[in-house]
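Visitor: Kindly generate the corresponding structure for this input.
(one chain, ligands or ions: 2)
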Amino acid sequence: MKILVDENMPYARELFSRTGNVLAVPGRPLPEAELADADGLMVRSVTKVNEALLAGKPVKFVGTATAGTDHIDEVWLQQAGIAFSAAPGCNAIAVVEYVFSSLLLLAERDGFQLRDRTVGIVGVGNVGGRLQKRLEAWGVKTVLCDPPRADRGDDGDFLSLDEVVKQADILTFHTPLFKDGPYKSWHLADLALLMALKPNTILINACRGPVVDNVALLEVLNMRSDLSVILDVWEPEPDLSLALLDKVDIATAHIAGYTLEGKARGTTQVFEAWSAFIGQPQQVPLSELLPTPEFSSITLQGALDQPTLKRLVHLVYDVRRDDAPLRKVAAQPGEFDRLRKQYEERREWSSLQVICNDRDAAEMLAKLGFDAHLQES
Ligand SMILES: NC(=O)C1=CN([C@@H]2O[C@H](COP(=O)(O)OP(=O)(O)OC[C@H]3O[C@@H](n4cnc5c(N)ncnc54)[C@H](O)[C@@H]3O)[C@@H](O)[C@H]2O)C=CC1
Ligand SMILES: O=C(O)C(=O)[C@H](O)COP(=O)(O)O
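Guide: Numbering: from 1, shown residues only. Ligands and ions are numbered 1, 2, ... in the order given. Predicted coordinates for the structure are as follows:
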């Protein structure tokens with residue numbers, strides 16, 4: 001059995017080699033000759049998987065260690081009898097923590113309390129739903145837009161996109177990329193939407209670049225200096241607009257989901273699906289794989305206010321570590337992908353044990369996802 005795995009999938013070699021010969025390869029461009037005798041192909045979002053790549057090849061299973069699946073032609077795979085599995089939700093916590101890291105930074109810069117802002121969440125699935133819970137735990141009002149969930153009759157107060165735009169001080173997008181169909185999300189944020197944003201809105205895109213029309217965004221930012229923008233994803237990638245990069249407040253190279261936990265979950269979810277597919281089902285607990293983090297325990301004295309939360313959040317992950325390198329190298333071909341391939345280890349809040357002497361602080365931090373405990377007296 002030969003299994004091709006993207007070289008940017010931590011733990012893939014050690015897991016997949018339990019079931020066959022593993023070859024780790026770059027995802028963009030993928031060395032296509034290696035597919036001639038491959039049974040399994042495990043990719044990330046940078047590899048387009050379609051008829052052009054796989055027709056006439058022996059590949060029987062495709063896995064993607066990602067939440068998004070817009071790089072996969074699922075209809076063709078099904079017609080061709082090739083099994084497919086993704087990793088829904090694997091990196092949702094990572095994206096939520098990216099958003100918090102960014103918002104706490106802007107809140108400190110601009111001197112506001114998150115609790116005084118209304119956050120509009122567009123796409124309330126694995127990422128948006130977790131973001132809603134953590135924001136509300138911190139006392140932030142959220143307004144939600146998710147037409148597929150509203151149409152399914154899911155519980156929740158879902159508003160139209162126009163209504164959310166009217167109410168939101170912070171507008172954050174967490175939809176899949178659909179180029180057409182009833183829930184088309186391509187250019188969901190178009191010129192009209194961007195012009196309709198309330199004064200001083202913070203706009204965030206950490207889902208897929210083309211969900212926000214980047215040409216329109218640049219045009220609007222040239223007219224409106226009141227807006228703040230956080231972009232993790234770009235239209236197009238990897239060749240983003242340098243003029244736009246210059247205008248945004250926080251800019252990163254599509255790494256919002258890149259915690260070690262998030263990537264490891266992606267690998268294990270796909271490995272578990274593959275091992276079941278070949279009739280050797282195996283479960284892999286994350287705790288078997290993850291190393292001890294650099295900072296594993298800290299003591300917090302007293303109450304938890306927003307500046308203290310920011311310091312804790314930034315101890316685990318400060319988004320500025322990813323913003324500066326992108327600005328430095330974005331003009332050079334290949335550097336966007338290199339930043340992503342050589343990504344420095346980043347952990348989730350749950351990796352930090354926080355011992356508190358204040359009960360409310362311990363309860364709040366636990367709700368937010370830290371490994372928080374009340375100090376024993
Ligand atoms: N920047 C990064 O590193 C990452 C980006 N992503 C992207 O974020 C997207 C969302 O991730 P998840 O929450 O895990 O996906 P999900 O599938 O769990 O949730 C997506 C939600 O968006 C809703 N939705 C679909 N079309 C919509 C529309 N037109 N308007 C409003 N809502 C709509 C769906 O009903 C669903 O509730 C992924 O599809 C992926 O493209 C995901 C993880 C990491
Ligand atoms: O899971 C997703 O969807 C993402 O956007 C991933 O974080 C993207 O990472 P790569 O697959 O491009 O490494």
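
Visitor: what does the protein put close to ligand 1?
Guide: Residues of the chain lying near ligand 1 by CB under 6 Å from any ligand atom: 67-68, 88-89, 91-92, 95, 122-128, 145-149, 174-178, 183, 185, 188, 206-208, 232-233, 254, 256-257. No exception for glycine: its C-beta is placed from N, CA and C like everyone else's.

Visitor: try 5 Å
Guide: With CB under 5 Å from any ligand atom as the criterion, the chain meets ligand 1 at residues 67-68, 91, 95, 123, 125-127, 146, 148-149, 174-176, 183, 185, 206-208, 232, 256-257.

Visitor: Skipping its backbone neighbours, what lies nearest the residue nearest the centre of the chain in space?
Guide: Taking CA atoms, centre = their mean, the centroid of the chain lies closest to Gly257, which sits 3.4 Å from it. Nearest non-adjacent residue to Gly257, counting by CB to CB, 6 or more residues apart in numbering: Asn91, 3.2 Å away.

Visitor: Give me the neighbour count for that neighbour.
Guide: Asn91: 27 surrounding residues under other CB atoms under 10 Å.

Visitor: about what we covered before: what about the residue nearest to the centre of the chain, which helix or strand?
Guide: Of the helices and strands defined by DSSP states H and E, none includes Gly257.

Visitor: In the stretch 151-300 of the chain, what residue spans correspond to helices?
Guide: In the stretch 151-300 of the chain, helices defined by DSSP state H, counting those that start in this stretch lie at 161-167, 191-196, 214-223, 242-247, 260-277, listed in chain order.

Visitor: Could you name the helices and strands sitting against the fourth one?
Guide: Read it as helix 242-247. helix 214-223 (3 or more CB pairs under 8 Å, 6 or more residues apart in numbering; DSSP states H and E).

Visitor: Helix, strand, or coil at the residue nearest to Ala168 when sequence neighbours are not counted?
Guide: In this structure, Ala168 finds its nearest non-sequential neighbour in Gly120, 3.0 Å apart by CB to CB, 6+ apart. Recorded secondary structure, Gly120: strand (DSSP: H, G, I helix; E, B strand; the rest coil).

Visitor: Surely Gly120 and Val140 touch.
Guide: No - checked against CB atoms under 8 Å, the pair Gly120 and Val140 is beyond contact range at 11.3 Å.

Visitor: Of the two, which one has the most company?
Guide: Gly120 (27 against 20).

Visitor: before we move on, back to that, compare the helices of the stretch 151-300 of the chain and give me the one nearest Ala52.
Guide: The closest of those to Ala52 is helix 260-277. By CB to CB, the value is 22.2 Å.

Visitor: re the thing from before, look up how far ligand 2 lies from the residue nearest to the centre of the chain.
Guide: Plainly put, Gly257 is 3 Å away from ligand 2 if you go by CB to the nearest ligand atom, to the nearest Å.

Visitor: pLDDT value on that residue, please?
Guide: Note on Gly257: pLDDT of 98.

Visitor: Against ligand 2, how distant is Val127?
Guide: Taking CB to the nearest ligand atom, one finds Val127 at 9 Å from ligand 2.

Visitor: before we move on, what about Asn200?
Guide: 28 Å.

Visitor: ok, that residue touching Leu227?
Guide: Yes - between Asn200 and Leu227 a contact is recorded at 7.3 Å, counting by CB under 8 Å.

Visitor: With adjacent residues omitted, what lies nearest to whatever residue of the stretch 1-150 of the chain ends up closest to ligand 1?
Guide: Closest residue of the stretch 1-150 of the chain to ligand 1, CB to the nearest ligand atom: Gly125 (1.8 Å). Using CB to CB, 6+ apart and skipping residues adjacent in sequence, the residue nearest Gly125 is His174, 6.8 Å away.

Visitor: Would you confirm that the one you found contacts Leu131?
Guide: Yes - counting by CB under 8 Å, His174 touches Leu131, with 7.0 Å between them.

Visitor: Now for the two: what residues contact both?
Guide: Contact criterion CB atoms under 8 Å, 6 or more residues apart in numbering; residues shared by His174 and Leu131: Val95, Ile121.

Visitor: And the strands in this structure?
Guide: Along the chain, counting by DSSP state E, strands occupy 2-6, 21-25, 40-43, 61-64, 83-85, 118-122, 141-145, 170-173, 202-205, 228-231, 250-251, 297-300, 353-356, 371-374.

Visitor: elements contacting the shortest one?
Guide: Right, the one you point to is strand 250-251. When contacts are defined as 3+ CB pairs under 8 Å, 6+ apart, strand 250-251 sits against helix 92-110, strand 228-231, helix 320-329.

Visitor: rerun that using 7 Å as the cut-off
Guide: Secondary-structure packing of strand 250-251 (3 or more CB pairs under 7 Å, 6 or more residues apart in numbering; DSSP states H and E): helix 320-329.

Visitor: same thing with the third one?
Guide: Strand 40-43 makes packing contacts with strand 2-6, strand 61-64 when contacts are defined by 3+ CB pairs under 7 Å, 6+ apart.

Visitor: Run through who's touching the shortest one.
Guide: When contacts are taken as CB atoms under 7 Å, 6 or more residues apart in numbering, the neighbours of strand 61-64 outside the stretch itself are 40-44, 49, 72, 77, 82-87, 270, 273-274, 277.
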